[in-house]
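Visitor: no FASTA, just this:
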């Protein structure tokens, strides 16, 4: 691992060591395309949407109620509602750092003041515990989420310290976070409450605060929490200790397991601790868990979590599309974990999964207008259902349709903070040069080892198109360096090309393509990725999708949506013929050869009992049709519909 | 409907009208075979097991704690724990009626005395509410289960009135139940609390009490509860009003929906009200819901409920085998509902589903020793897991393995009361004669219209064998009557025969076979049912089992269990060849042609990501094998194992 490198000061994640050096929001700008549009919606619609909803449902008011001594009568929301305010503050900080400038300052200042007003003299800060008429502090570590809330407070405080924006009050939230962190170390250190929080999150926050401040005690406290996890310090409950990952120590666990968001936040914190302490064993344990989770417990979309009951990972290969949970926050958390593993190891497979998850989970959650969100991201919707009203709070995940706000509303603010910091996930640097991990129109400027400044611009219509052109805008004279480009794993079996500045073209395999030379300004490097639509087959051990195929086009997973079918058909009538390749259709669609079957509704014996002797099973009539497929991340933007990703084949009943 | 008929006094369900007249436990005895063995285990092991556990975990002690004024510190168990004591009392009452005699009297007396001691002067009886330090009475109708508990109290009180046994204290529980019922009518009648309980159950109990006592007001109160359901008198919660069936009035609902046990208890109560009030519209509504539920929301085993999260029915055709919930209590409730519909209409399809559910859900739940129970009845277990310890309380449904007791322990006592009253589900009578609905070694004696006594004995090795011999032991001279025999729907497409007393043989179709004559003692009628094993195919709309088949043999669903596979194979290696018929193997097993595949664990790219371009999907090596299958109800009695009912075919990957 490299050490003592110069890091940007505008970084969400700033490890002091690791294979790759992250680039900050001052070094990478997204200038157009798929993600620029979503980031614009996030900045102009989602941030205000979250702010307004939290004012309306009383979650920001909780802080004022504490300050004014009336919290026992006036608290609103679930026990973790404080964290949503912190996550919004973090999103605003990164957004302000990306050039929005002073526009967000009043909001940041007002929310920061509200939060600060509720902090106790000893640093304690939580609106749900410890005040007159409430349960005592830390009396319910399993479900109380106090340390979880501190985690987001600290991350927001770090963001405010690192980002521009905040006006005169800039840094106030950082002070609040530092007081909270000192309180945590005093309370949960050795000899204190030697337990953990029911929901991991504090770990990565404390490491980041240690990185910001250089204070070893925050890192030590994070390492303590990692080591305590899995020692059974939490009570056993109906979901078992595995729900909180408190069943097995982090170092010993073999797979991602239990509550998906908890598992992924914990793993992220463990990587942070491992990197800062040089703990290769701990890092290897997380890599092993990630590998098992990705190989056996992940949806085609990158989504994680297949249980509704406990929002948890299922057993290996339990990946039902119609009961997929695939919580948006688990997608966000998976991207966070992958980023940390990528920085630590340089292995492009982490960027592969992050790309898949960003395009098919994180981008799927918000509606086109940025004012409603999927909480769960099902891969098969069987009935159209009613879209939640714009002025109503929805239960989480109940309808599997986008809703403006939830009683448990972790996902909207998590999408907001991810989109706000997204430029930081595009590229890295190391002693040899610059690495591009995600493709978007972007401008990148950084200083390489030895003080050499390089600047590049990326132009692409990815993911619609597969051509990525990197133009060298600035390069040190007579100093060779290496440009590395991720060749996505999804190109397996198709051919990708790299064209160097003098027009030489060569094929490149999935992994990393490198080009080392003395670049001069104006040089262009082109990566040509084969984005033609392709049939994807599942591992036969995923029983729930046996006899089906899916379509992927570049990194995008496609789906059939009933609004594209003729004559009021629902998606369950679709059969596709995988012996013929799917083709590009108009406006980003794909057309797959197939047929629409008439389900045997009219056969009374079939209708009465859905199982029959094999020799008496009925065959349905079918009409040939080209089945129009759309990107999964765009579904449910055209009114109520049914939808499915995995499509039965014409060779199956 | 017939009215004013003479009913046995030893009946669990005693409608005053309906197409068929139930026979009491004084009229039907099970004398041997499959159910006799399970009833013996129930009587000799399960009843004492439940009694001991409830003493140990403090649930019986709760009643004493109320009586002694120390409940605020000493209450144990969930809010509905009282109901388990009542269900055990009911089971003991029916068991005592079946010839166990006075052996259970001390237990019945002791438990009755404990219950009675906790009743308030105004009839209120619940150990979780209304005492010093507890929430007020009826302050949480959504989750408090107070009326649910009364329902089981009243059913136990009715059982004690109708059954033999109980010694000197006999009838004491009936008095407690009557006081409670009067309290309910006073509290929840018109002008009182005009709401319903979050868990239906009180409805069928009040109707049965009206049947016992002839008191119209109990029936009126039950009808009120049915009419109020679906009016939104319960608060909306995370699972939605549908969870409590409070979303749509009973008369308007189109399918069984929401929490499965709640839905089935409610439907049973609605049938009871409909029958007693002659409300054909209400009866038709329940029939419609049953039809939709059975056609689209029921497992091959007869199990109901496909969500773990809310223990609920899924959308149509959402029937994942690996996340099947199929709660044992939902199986019990489905049998209760089917019995009421059978008595009301005479339609044999209700007995068909009851048979399937009894053999494949109710019989599956208890272990061979009657001391541990499935709460959920999965159709596919993917990892062996650890069998719960004999001395530990398990969370419900967590492991999908049999456990001795659960924190929510509704299933063991529900199995116990069902097995105790099982003889009452075998046969009925009407003006024409006697109907046999379920096949077991039995002796049946009843008096037909006109005072003609008939007696018959049934001899069979059903369900292992398909021959059922009915011997006429007593018949009125020169008086013709009709013996009706259910020809199970599972015989569809195979041939069943009926042989009359003079040896004449004819084929009979699924439905009802009748033979009318002047029987003389010694006459034998033989039904020959084709129990050879057969492949069963699912409706193509059940996505979760696409590309698979199952084996059924008679009414028994079979499964592959890993303990029967060679060389440590797990069941997910099994592929079967449905082009060849399965055959009977030794000791009740079935042997299916097929193969065992070596999963491609060794291919690193396959291991890393379980989805691949179709043209690069790997094919696994396979070895031919005869796959041994065992009855599903017998699985998990030979140590930890993996298991699956739906078997992938050799034509699929």
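Guide: Received it, and whenever you're ready, just let me know what you need. Here the structure is a predicted model, which means the values were calculated and not measured.
Visitor: got the buried residues for stretch A:526-541?
Guide: If you call a residue buried by 16 or more other Cβ atoms under 10 Å in any protein chain shown, then stretch A:526-541 has these buried ones: A:526-529, A:531, A:533-541. Heads up, the C-betas are built off the backbone N, CA and C, glycines and all.
Visitor: and residue A:28, what does it touch?
Guide: A:423-424, A:426-427, A:442-444 (Cβ atoms under 8 Å, 6 or more residues apart in numbering or on different chains).
Visitor: That one and residue A:111: what is the separation?
Guide: Per Cβ to Cβ, to the nearest Å, residue A:28 is found 27 Å from residue A:111.
Visitor: now, the most widely separated pair of the contacts of residue A:28?
Guide: The largest separation in these, counting by Cβ to Cβ, is between A:424 and A:443 at 13.9 Å.
Visitor: So which of the two has more stuff around it?
Guide: residue A:424 (25 against 16; other Cβ atoms under 10 Å in any protein chain shown).
Visitor: Tell me the secondary structure at the more buried one.
Guide: Following DSSP: H, G, I helix; E, B strand; the rest coil, we place residue A:424 in the helix state.
Visitor: my read: it touches residue A:25, true?
Guide: Yes. Using Cβ atoms under 8 Å, residue A:424 and residue A:25 qualify as a contacting pair, with a distance of 5.7 Å.
Visitor: Residues that sit against both of those two, list them.
Guide: Contacts common to residue A:424 and residue A:25, judged by Cβ under 8 Å, 6+ apart, are residue A:11.
Visitor: need the contact list for the residue lying closest to residue A:349 once chain neighbours are set aside.
Guide: Sequence neighbours aside, residue A:489 is the residue nearest to residue A:349 in space, at 6.7 Å (criterion: Cβ to Cβ, 6 or more residues apart in numbering or on different chains). Residue A:489 is in contact with A:348-349, A:352, A:510, B:609, counting by Cβ under 8 Å, 6+ apart.
Visitor: And residue A:538, by the same measure?
Guide: A:300, A:545-546, A:548, A:550, A:646, B:610-611 are the contacts of residue A:538 under Cβ under 8 Å, 6+ apart.
Visitor: I'd like to know how far it sits from residue B:130.
Guide: Distance of residue A:538 to residue B:130, computed by Cβ to Cβ: 55 Å.
Visitor: Chain B contacts on the stretch 301-450 of chain A?
Guide: For the stretch 301-450 of chain A, the residues in contact with chain B (Cβ under 8 Å from any Cβ of the partner chain) are A:307-309, A:314-318, A:320-323, A:349, A:380, A:382-383, A:395-396, A:398, A:407.
Visitor: List buried residues within those.
Guide: Buried, going by 16+ other Cβ under 10 Å: A:307-309, A:314-318, A:320-323, A:349, A:380, A:382, A:395-396, A:398, out of those.
Visitor: Which of those fall within helices?
Guide: residue A:349 (DSSP state H).
Visitor: circling back to that earlier point, just the contacts of residue A:28 now: which is nearest chain B?
Guide: Chain B has its nearest neighbour among the contacts of residue A:28 in residue A:426, at 22.7 Å by Cβ to the nearest Cβ.
Visitor: neighbours of that closest one, just the number please.
Guide: Neighbour number of residue A:426 under other Cβ under 10 Å is 22.
Visitor: what residues are up against residue A:523?
Guide: Residue A:523 touches A:471-472, A:475, A:501, counting by Cβ under 8 Å, 6+ apart.
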